[in-house]
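Just the structure for this:
(one chain, ligands or ions: 1)
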Amino acid sequence: MQLLSLSTLNYRNLQDATLPFPAGVSGLWGENGAGKTNLLEAAYLALTGLTDAPRLEQLVRSGEREAYVRADLMAGGSLSVLETGVGRGRRTTRVDGVRVRGQELPRGSAVWIRPEDSELVYGPPTLRRAYLDALLSRLSPRHAQMLQRYDRTLAQRNAALRAGEDWAMAVWDESLVTLGSEIMQLRRRAAGRLAELAAAAHAQLGSQKPLQLQLQESTDPERFRHDLGRRRAEELSRGATVVGPHRDDLNLTLGDFPAGDYASRGEARTIALALRKAELDLLTEKFGEQPVLLIDDFSAELDPHRRAFLLQLAASVPQAIVTGTEAFPGAARTLHVAAGGVLAQEVEA
Ligand SMILES: Nc1ncnc2c1ncn2[C@@H]1O[C@H](COP(=O)(O)OP(=O)(O)OP(=O)(O)O)[C@@H](O)[C@H]1O
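Here you go, the predicted model:
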């Protein structure tokens, strides 16, 4: 896939502009705080409709009410215009001028690799679940739908638990078990393939210690109903559902040890890179075309071998946009970012 151009309006510190992007590797370099991450974040939002900003208004330039991003995307041989507008608690999405829901944007259009991905290793289970669920939702609209319904049911069940409505549990359990069991089955299937791809990417990254990835479930489809009943008293006293797919984790083991407790910063970044490469591979398998690859801060915490891997990875996809505080070696086109604007452009041989 290829992002032909990115337009932004009122987006964080970026100057309002339309930037064309050719195929191949574009390298964006600039000082700290120049706006490089904001540019990749805007591209990711425009291409996928996704953001992990805690509040949508953070994306809007201070003093403005709304921000807008637009991606002209070439996918499957045809051009689509993807537009997203965001404001306080509000997001609207259009494809070719027609208003759609966010999940109707092309689902395999971009993968974003960034230094914060190390939190997938060190951070709490919520982050790994979010990674898995976001990926599965892009691979399967059914999973996205099940997950939404599960989250709604879970919130209602928790409210009933807090209100001490023991009598209502039979009804909530029925829906939770039906939805939760399907989510567990979908996760199991995808996690198996993800584990293979991540382990292979990790080995390619030159790591001597093998990476293992395993779904850690708080229950399983056969036991789910029984476990809910067994822990009812505890749930009523805590006012929360204590078993189910919302309590699962993705265990990462490096060599013989849990990665979150033992991995060095560089090792964690390597594991995170392997997870993103696996994401790229899964999306490519599913949609038959490689996503646009966005790489933020390519040199952060990586030794020369791992940097070389990123270089090769960027060169292996139809289009990659890579940022750093120095120019990306081997980029077909180098752009200079300063004060939220793309200032200079040099074409290398
Ligand atoms: N909503 C906003 N309105 C205005 N400016 C913002 C907004 N959100 C973030 N910024 C500013 O945008 C600037 C650029 O941030 P960005 O993370 O893109 O920098 P960067 O070039 O990636 O820097 P680094 O190399 O340090 O990672 C920061 O100074 C930040 O304070």
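
Just list what the helix ranked longest in the chain packs against, helices and strands only.
Assignment by DSSP state H gives helix 169-204 as the longest helix of the chain. In this structure, helix 169-204 makes packing contacts with helix 125-139, helix 141-162, strand 211-216, helix 224-230, helix 265-287, judged by 3 or more C-beta pairs under 8 Å, 6 or more residues apart in numbering; DSSP states H and E. Yep, even glycine has a C-beta here, placed from its N, CA and C like the rest.

Out of these, which is closest to the ligand?
helix 265-287 (14.8 Å; C-beta to the nearest ligand atom).

Domain-wise, how is this protein divided?
1-109+291-349, 117-288 (automatic domain parsing).

for the record, mean pLDDT for the first one?
Across domain 1-109+291-349, the average pLDDT comes to 91.

about what we covered before: columns mean neighbour count on top of the domains of the chain, output as a markdown table?
Shown next, in a markdown table, are the domains of the chain (neighbours: other C-beta atoms under 10 Å):
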| stretch | mean neighbour count |
| --- | --- |
| domain 1-109+291-349 | 18 |
| domain 117-288 | 18 |
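
Report the contact partners of Tyr131.
Leu120, Leu250, Leu275 (C-beta atoms under 8 Å, 6 or more residues apart in numbering).

With respect to Arg114, which of the helices and strands packed on helix 169-204 lies nearest?
Evaluated with C-beta to C-beta, the helices and strands packed on helix 169-204 place helix 265-287 nearest to Arg114, the distance being 8.8 Å.

which neighbours does the next helix or strand after that closest one have in its sheet, and in what orientation?
Per DSSP states H and E, the first helix or strand lying C-terminal to helix 265-287 is strand 292-295. Using DSSP bridges, strand 292-295 pairs in its sheet with strand 110-113 (parallel), strand 319-324 (parallel).

any chance of these in TSV, with distance to Trp29 too?
TSV is the format used below for the strands paired with strand 292-295 (distance: least, C-beta to C-beta, whole Å):
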stretch	distance to Trp29
strand 110-113	17
strand 319-324	6
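
Out of the ones you listed, flag the one nearest the ligand.
Closest to the ligand of these is strand 319-324 (C-beta to the nearest ligand atom; 6.5 Å).

Give me every residue in the stretch 51-200 of the chain lying close to the ligand.
Gln58, Val60, Arg61, Ser62 (C-beta under 6 Å from any ligand atom).

Quick one: residues contacting the second one.
Pointing back at Val60 there. Val60 neighbours (C-beta under 8 Å, 6+ apart): Asn10, Tyr11, Arg12, Glu66, Ala67, Val86, Gly87, Arg88.

Out of these, list just those in helices.
Counting by DSSP H, the contacts of Val60 contribute nothing to helices.

ok, which stretches of the stretch 1-150 of the chain are helices?
36-48, 119-122, 125-139, 141-162 (DSSP state H, counting those that start in this stretch).

can you redo these as a markdown table with distance to Ser26?
As requested, the helices of the stretch 1-150 of the chain are exported to a markdown table (distance: least, C-beta to C-beta, whole Å):
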| stretch | distance to Ser26 |
| --- | --- |
| helix 36-48 | 10 |
| helix 119-122 | 26 |
| helix 125-139 | 24 |
| helix 141-162 | 31 |
